[in-house]
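> A predicted structure for the sequence below; I have some questions about it.
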Amino acid sequence: MGKKSECLGLLNFGNTNKHEYTQLVGGGEGPTQDTNMATDEHDVEQKKQKEDEDESPGAPVPYPKQIFFIISMETCERFSYYGMNTILTIYLISLFKRTYSDEKANDVSTIFYHVYKFGCYASGLIGAALADSYVGKYRTIFYIGIMYAIGQAILSLGAVGRGEGGIANFPNQPVSFIGIFLIALGTGGIKPCVVSFGADQFKVPEQAKQMATYFAMFYAAINFGSMISTIATPYLRRVECMGEDSCFSLAFGLPAVLMFIAIFFFWFGRNSYKRQTPDKNIVTIFFKASWHALKRRKFKTKSQHWLDVAVDRFDQETLDDIKAVYRVGVLFLLYPMYWALYDQQGSRWTIQAMKMNGFTWGWQILPDQMQVANPILILLLIPLFDQVIYPLLGKVGLLKTPLQRVVTGCFLCGLSFVISGVLELELRKGYPDLPKADQAKIFVHNGLDCPITFNADTVTSLGLAPDFSLPTDATLERIVDYGSYKLAGTGCAGQTFTKDMTLSVESRTFLVTSKSEGAPQVLQSENEDQIEKDDGDPMPYVRVIASLDRSCSTPISAMLIRSKKTSEVYDLGSSSVGSTWDSEAVKMEHTKEHVLNVRCGSSWEFNHTMVYKVGASYNIFLTGQDSVSVYEVTSPNSVHIFWLLPQYFVVTVGEILFSITSMEFAYSQAPKSMKSVIQALYLMTTAVGNLITMVIVEIFSAIGLEQYLEFFTFAGLMTVVSFILMWLAYRYEYVYYTETGGASVDNPGYEEEDTQKSD
């Protein structure tokens with residue numbers, strides 16, 4: 001919603017049949033109201049003289065050069081915001097995994113993410129109130145922007161690593177949360193102000209065409225900043241630093257730098273800005289009048305509107321304008337459900353992308369980068385809708401009115417979550433089966449030349465079928481409770497084996513093997529297996545469990561070498577003399593073909609070549625003279641990340657129909673004096689939507705229901721709300737407020753709607 005709401009539906013600005021500037025820009029105090037404004041005291045006389053010169057007949061009005069400071073600031077700020085926002089969910093998951101299980105960490109991260117999004121939009125009320133007060137837009141943007149930049153810097157500090165080169169036992173969570181809080185206040189505080197402050201630099205109507213170019217540049221700046229940062233910051237987080245695989249501190253640091261640059265650009269143009277201070281705070285008046293009317297509701301007569309009882313303190317014209325806001329506000333009550341779904345692109349859909357295969361034409365698309373699909377589709381589809389789809393559908397009587405488009409957008413948003421749920425059903429087939437608390441996952445590999453059978457006690461304790469046998473080079477996988485067990489059975493030629501197992505860790509591997517045709521033996525690995533997927537960076541893991549039937553006077557070398565780049569090598573060998581060892585799980589930097597080279601100095605060696613896949617974890621068993629057996633501890637991510645595109649496409653089409661249209665509609669249905677109130681209420685619908693997401697996610701997390709059910713639940717709720725909104729839209733009477741303050745039931749931007757509805 002951020003990019004679109006800031007433009008306030010201004011993509012078609014400049015059309016003679018569209019709403020004029022002051023109907024669209026928040027605050028209601030456009031340049032046509034300069035007689036009611038005041039700048040800083042020392043600038044008043046100069047400003048008045050300059051205006052007199054500009055108004056002289058035939059004098060051309062130059063393009064305000066200070067606009068480029070505002071455009072530069074917006075580009076950097078949007079880079080900062082979307083760069084941070086893109087990787088935030090994955091960063092929160094990495095933090096909460098220190099305390100919770102994977103699934104719980106995903107849920108808590110989603111809830112926290114939407115708390116943050118709530119703050120981003122709820123704080124817009126603060127920014128709007130300050131901008132409409134004596135503080136003014138310039139000082140609101142500048143000082144809140146400084147707080148915003150400080151918050152970005154604190155978040156970068158809070159993400160510092162704890163490993164080598166980092167800060168041991170650093171309190172990442174509290175420091176990061178302080179930074180996120182300041183960012184939420186900052187981005188929300190300036191959100192209602194920047195675009196309208198830029199519009200204040202123009203003189204209307206003389207510069208109407210020039211202002212149209214400003215809105216086009218502003219929208220391009222938003223999308224340029226967001227697209228570049230959405231692609232760049234995920235790569236920065238993959239850099240290894242401070243002893244950790246991910247460098248979130250660097251990834252958050254770049255947005256912090258860009259935010260300080262944004263403030264510098266804005267400050268640099270300080271002496272060239274037109275600064276307008278409203279003579280009254282209409283946002284405050286709106287809430288004061290509403291509250292006063294509620295307190296005096298006992299004086300309301302039967303035929304009287306409930307707001308009319310506030311006429312003892314507020315003039316009737318103001319109260320009539322407030323009534324118009326409440327007419328639109330009834331529809332706004334249903335808008336939060338749309339945003340509850342839409343804003344999950346940065347949370348649940350990103351988590352979904354983390355479980356998919358992003359390898360594409362030799363390039364790895366990271367999960368958080370998929371969010372760039374939305375702005376790209378927006379830029380591609382908006383002209384298509386304006387020039388082709390809307391005219392064609394209008395000829396057959398479809399999508400002719402604003403609310404028809406809004407309702408259709410809601411239905412499409414619900415449909416996108418149906419697609420998400422279907423995709424989740426396919427993804428869950430590849431999810432690993434993880435042990436619960438006080439449980440262990442064990443792997444038993446048969447390294448003998450014949451199948452093995454287990455005795456009755458082992459069969460019972462491991463929950464096996466009575467006639468179960470484990471084939472050669474096969475691996476048995478089981479989840480059992482912590483405790484003591486006996487692994488016993490029979491191998492080749494009736495030879496038996498037994499091993500006492502004490503399980504108190506999350507995973508353990510047991511290799512049944514023999515040397516020189518001797519009795520079978522069971523070897524227990526020293527290191528744990530990688531049984532969980534690293535969804536944040538889904539490169540494969542690999543480790544070696546070896547018991548070779550050959551000797552070596554030096555430590556045996558086992559190197560995994562990338563075929564495409566032989567300088568990329570992973571050490572999986574032994575650190576001591578002997579042919580039995582197991583390595584720790586090592587994360588690979590790339591997928592595709594690698595060669596495992598096992599050698600004993602210059603005495604002997606053998607190789608094994610295979611393709612390693614995204615999302616998988618491999619145990620490589622080395623037995624006999626040169627036998628290599630590979631077991632997938634976790635299966636690869638088999639569903640390609642581009643299968644997210646259908647839901648992104650549907651939700652983006654819904655956004656064009658809903659978001660852009662509804663903002664223009666809301667502004668056209670409110671009097672000029674109430675534009676800033678409409679903007680504040682519209683931002684609040686997004687804030688409330690994120691609260692809805694938090695509540696539903698918390699309920700599903702507490703009950704333990706699966707993710708696909710959550711997606712279908714959101715889709716169902718959105719569908720129900722869409723039908724209610726459709727009913728309200730059918731009964732709604734359009735009133736279009738003109739620039740002169742009048743009202744009309746005719747819409748200059750849409751086909752005339754028949755307002756005669758049957759009872």
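Perfect, thanks for sending it.

> Strands along the stretch 251-400 of the chain, start to end?
Along the stretch 251-400 of the chain, counting by DSSP state E, counting those that start in this stretch, strands occupy 359-360, 363-364.

> just those strands: most buried one?
Compared across those, strand 359-360 shows the largest average neighbour count, a mean of 16 (mean count of other Cβ atoms under 10 Å). Where C-beta positions appear, they are placed from N, C-alpha and C, glycine not excepted.

> other SSEs contacting it?
Other helices and strands packing on strand 359-360, by 3 or more Cβ pairs under 8 Å, 6 or more residues apart in numbering; DSSP states H and E, are absent; none qualifies.

> and the gap between the spatially most central residue of the chain and T89?
When Cα atoms, centre = their mean is applied to the chain, the residue found nearest the centroid is G346 (1.3 Å). According to Cβ to Cβ, to the nearest Å, G346 and T89 sit 6 Å apart.

> what touches both of these two?
Here G346 and T89 share the contacting residues Y113, scored by Cβ atoms under 8 Å, 6 or more residues apart in numbering.

> ok, and the helix or strand in the protein with the lowest average confidence?
Least confident helix or strand of the chain, by mean pLDDT, DSSP states H and E, is helix 21-24 with a mean of 34.

> on that earlier part again, least reliable of the strands of the stretch 251-400 of the chain by average pLDDT, please.
Note on these: strand 363-364 shows the lowest mean pLDDT, a mean of 80.

> Report the strands that pair with it, each with its relative direction.
Next to strand 363-364 in the sheet, as set by DSSP bridges, lie strand 359-360 (antiparallel).

> Residues contacting the strand it pairs with, please?
Here strand 359-360 makes contact (Cβ under 8 Å, 6+ apart) with I365, T591, V614, H640, I641, F642.

> Could you list every helix and strand that the helix or strand hosting F142 packs against?
F142 belongs to helix 136-158 when assigned by DSSP states H and E. Judged by 3+ Cβ pairs under 8 Å, 6+ apart, helix 136-158 is in contact with helix 67-96, helix 124-131, helix 172-190, helix 194-199, helix 248-268.

> Packing partners of the second one?
Using 3+ Cβ pairs under 8 Å, 6+ apart, the elements in contact with helix 124-131 are helix 136-158, helix 172-190, helix 282-295, helix 675-703.

> can you pull the alpha-carbon coordinates of it into PDB?
Extracted C-alpha coordinates of helix 124-131, given in PDB (Å, rounded to 0.1, in the frame of the first residue of the first chain):
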ATOM      1  CA  GLY A 124       0.400   8.700  10.100                       C
ATOM      2  CA  LEU A 125      -2.200  10.300  12.300                       C
ATOM      3  CA  ILE A 126       0.600  12.000  14.300                       C
ATOM      4  CA  GLY A 127       2.300  13.200  11.100                       C
ATOM      5  CA  ALA A 128      -1.000  14.600   9.700                       C
ATOM      6  CA  ALA A 129      -1.900  16.300  12.900                       C
ATOM      7  CA  LEU A 130       1.600  18.000  13.200                       C
ATOM      8  CA  ALA A 131       1.600  19.000   9.500                       C
END
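
> what's the angle between it and helix 172-190?
Angle of helix 124-131 versus helix 172-190, following axes from the mean of the first three to the mean of the last three Cα atoms, to 10 degrees, is 50 degrees.

> what angle do helix 124-131 and helix 136-158 make?
On the basis of the same axes, to 10 degrees, helix 124-131 is oriented at 140 degrees to helix 136-158.

> Which phi and psi values does the residue lying farthest from the centre of the chain adopt?
Within the chain, A493 marks the point farthest from the mean C-alpha position, 59.5 Å out by Cα atoms, centre = their mean. Per-residue torsions, A493: phi 60, psi 30 (degrees, to the nearest 10).

> contacting residues around V444?
By Cβ under 8 Å, 6+ apart, V444 lies in contact with L470, T475, L476, R478, L487, T509, F510, V512.

> Could you give the secondary structure assignment for the third one?
Going back to what we said before, that points to L476. Recorded secondary structure, L476: strand (DSSP: H, G, I helix; E, B strand; the rest coil).

> What residues does D107 make contact with?
D107 neighbours (Cβ under 8 Å, 6+ apart): V697, E698, F700, S701.

> coming back round to it: and the residue nearest to the centre of the chain, how close does it get to L681?
G346 is 23 Å from L681, by Cβ to Cβ.

> Might you list the low-confidence residue ranges for the stretch 401-550 of the chain?
536 (pLDDT under 70).

> residue boundaries of the helices in it?
In the stretch 401-550 of the chain, the helices defined using DSSP state H, counting those that start in this stretch lie at 402-427, 456-462.

> packing partners for the first one?
Packing partners of helix 402-427 (3+ Cβ pairs under 8 Å, 6+ apart): helix 335-342, helix 348-353, helix 645-655, helix 661-668, helix 707-731.

> Next, the buried residues of the last one.
Judged by neighbour count (16 or more other Cβ atoms under 10 Å), helix 707-731 contains these buried residues: 707-708, 710-715, 717-719, 721-722, 725-726, 729.

> again with stretch 495-505
Neighbour count says stretch 495-505 has F497, K499, M501, L503 buried, by 16+ other Cβ under 10 Å.

> my read: the first one touches V522, true?
What that stands for is F497. Yes. Counting by Cβ atoms under 8 Å, F497 does reach V522; the two are 5.6 Å apart.

> where's stretch 73-89 relative to the chain centroid, distance-wise?
Mean-position distance between stretch 73-89 and its chain equals 11 Å (Cα atoms, centre = their mean, to the nearest Å).

> picking that back up, okay, and the common contacts of F497 and V522?
L487, V512.

> mind checking the SS state of H608?
Of the three states, H608 takes strand under three-state DSSP.

> got a list of what it touches?
Neighbours of H608 in contact, by Cβ under 8 Å, 6+ apart: V595, L596, V598, I620, V628.

> Surely the second one is within a strand?
Right, L596. Yes. Applying three-state DSSP, one finds L596 inside a strand.

> What distance do you get for it to P540?
For L596, the distance to P540 - Cβ to Cβ - is 13 Å.

> Those two: which is more packed in?
Neighbour totals were compared for L596 and P540, and P540 leads with 25 against 21 (other Cβ atoms under 10 Å).

> just to revisit the earlier point, deepest of the helices of the stretch 401-550 of the chain, which one?
Comparing the helices of the stretch 401-550 of the chain by mean neighbour count (mean count of other Cβ under 10 Å), helix 402-427 comes out on top with a mean of 22.

> my read: N637 touches G615, true?
Yes. In this structure, N637 is within contact of G615 by Cβ under 8 Å, at 3.3 Å.

> Spit out the residues that contact those two alike.
Common neighbours of N637 and G615 (Cβ under 8 Å, 6+ apart) are K355, N357, G430, K533, P538.

> got a winner among those residues for most neighbours?
Top of the shared contacts of N637 and G615 by neighbour count (other Cβ under 10 Å): P538, with 28 neighbours.

> Alright, that wraps it up for me.
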